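J.: coordinates only, sequence not included:
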């Protein structure tokens, strides 16, 4: 099979987005629209990827700099045919070239593979719409062979009744595509060079013209406004919800989940309403995620229970842990099996050992906590001196009393107990009680101040 080039048209201004940001950089399902298309191109193992950009200057190539793609500017912007022309100098003749669109983000790899298998010659993607308004119509002869694509603005009333429309996505031998593009004319109502005009050229030359259709109409929906973006977002989230439920995940309400990345789930996973999953998230068997939790780039082991309104970011959580409600695990956190992190507890860049608990109103930052440690309410690891951060070490079986401040760098030894209300600035030895308190006194006869009358 010939090597494949992917041309992604991403030069549109997106006037109806009412934004200074290039249209293709608006996010759908957690990442810019054009990034969805680039990822699809990578999945097809394209030899060359060429992104044609325009509006926003260098913002698009800068935002997508992680991709090994050729970025080519289209200036001025004279239509889709003109846009593809900008990419052609970068593509070898003995290849196939596929045209995709940066504002059609949900095209699926399987559909594009279907196009590659459709036959030799020109292949383009069509879809049947109940309301085809705004799309170019597919004109066929009596036998069903494609004759041309006619844009709506140039179509007759009879042609506008055709429901099969052009998606703009096509595949052709690069040498043929180069020839057809060189013969495009702009004698239409828009004064633009239409890529669709190459279909009539192919027919006239006797080149085989094939069509394919996507499995789902949403794959080829383009985005030109914030309203369309929001509609397609909910469409995609519905697709993701159906995928999860087909794999056995229990969703309290399929209409109230947002997957903004990759979510993989084991058996008997339960997800309550309003949860958001970003990046790569893995939920093992029997995990339960409470309402309105946000989980980003995290792995949650089997049997863990996450109560409502918890936030977990770039962390590893062991089996049978209890988290929340209102808990926050910041990047670099690791909970071993059976750990408990309760309400209004924040963990940052810390390791919490097996069976350890921090159940109430505490901050554990830059710390290594051993197994079976109890951290009382209001405990703070004071890890930052205003310039540098230092680590706190709490060894196995230690007990930290409520309202304790551990001023790092500091070590609490194995089996040590820290009395409530202490500020610990020196290492606490193994197995001993360590505390620091001012002497309690009572002032006899003291009178509370009263407000002075004005």
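T.: Received the coordinates, thanks. All of these numbers come straight from a predicted model, not from anything done at the bench.
J.: ranges for the helices of the protein?
T.: 33-43, 59-63, 80-87, 109-116, 174-182, 198-204, 226-246 (DSSP state H).
J.: Ok, which of the ones you listed comes nearest residue 165?
T.: Nearest of the helices of the chain to residue 165, taken as Cβ to Cβ: helix 198-204 at 12.9 Å. No exception for glycine: its C-beta is placed from N, CA and C like everyone else's.
J.: coming back round to it: now render the helices of the chain as a markdown table, adding distance to residue 380.
T.: Formatted as a markdown table, those follow (distance: least, Cβ to Cβ, whole Å):
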| stretch | distance to residue 380 |
| --- | --- |
| helix 33-43 | 40 |
| helix 59-63 | 39 |
| helix 80-87 | 57 |
| helix 109-116 | 49 |
| helix 174-182 | 64 |
| helix 198-204 | 68 |
| helix 226-246 | 39 |
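J.: now these as TSV including mean pLDDT and distance to residue 301?
T.: Conversion of the helices of the chain to TSV gives the following (pLDDT from 0 to 100; distance: least, Cβ to Cβ, whole Å):
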stretch	mean pLDDT	distance to residue 301
helix 33-43	97	28
helix 59-63	95	35
helix 80-87	96	47
helix 109-116	96	31
helix 174-182	96	49
helix 198-204	92	54
helix 226-246	97	19
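J.: and the closest residue in space to residue 237 that isn't next to it in sequence, bridged to which residues?
T.: Nearest residue to residue 237, sequence neighbours excluded (Cβ to Cβ, 6 or more residues apart in numbering): residue 258, at 5.8 Å. For residue 258, the beta-bridge partners are residue 276 (DSSP bridges).
J.: could you list every residue that touches residue 258?
T.: The contact partners of residue 258, taken as Cβ atoms under 8 Å, 6 or more residues apart in numbering, are 237, 275, 276, 277.
J.: And it, how far from residue 99?
T.: 31 Å (Cβ to Cβ, to the nearest Å).
J.: Buried ones in stretch 139-151, by neighbour count?
T.: Residues 139, 146, 148, 149, 150, 151 are the ones in stretch 139-151 that count as buried (16 or more other Cβ atoms under 10 Å).
J.: quick one: which two of those are the most distant?
T.: Taking Cβ to Cβ as the measure, these span a maximum distance of 15.2 Å, between 146 and 151.
J.: Now residue 239. Nearest residue, chain neighbours left out?
T.: Here the residue nearest residue 239, using Cβ to Cβ, 6+ apart, is residue 218, at 7.3 Å.
J.: where's that neighbour relative to residue 184, distance?
T.: Between residue 218 and residue 184 the distance is 30 Å, computed by Cβ to Cβ.
J.: what's the answer for residue 428, then?
T.: For residue 428, the distance to residue 184 - Cβ to Cβ - is 79 Å.
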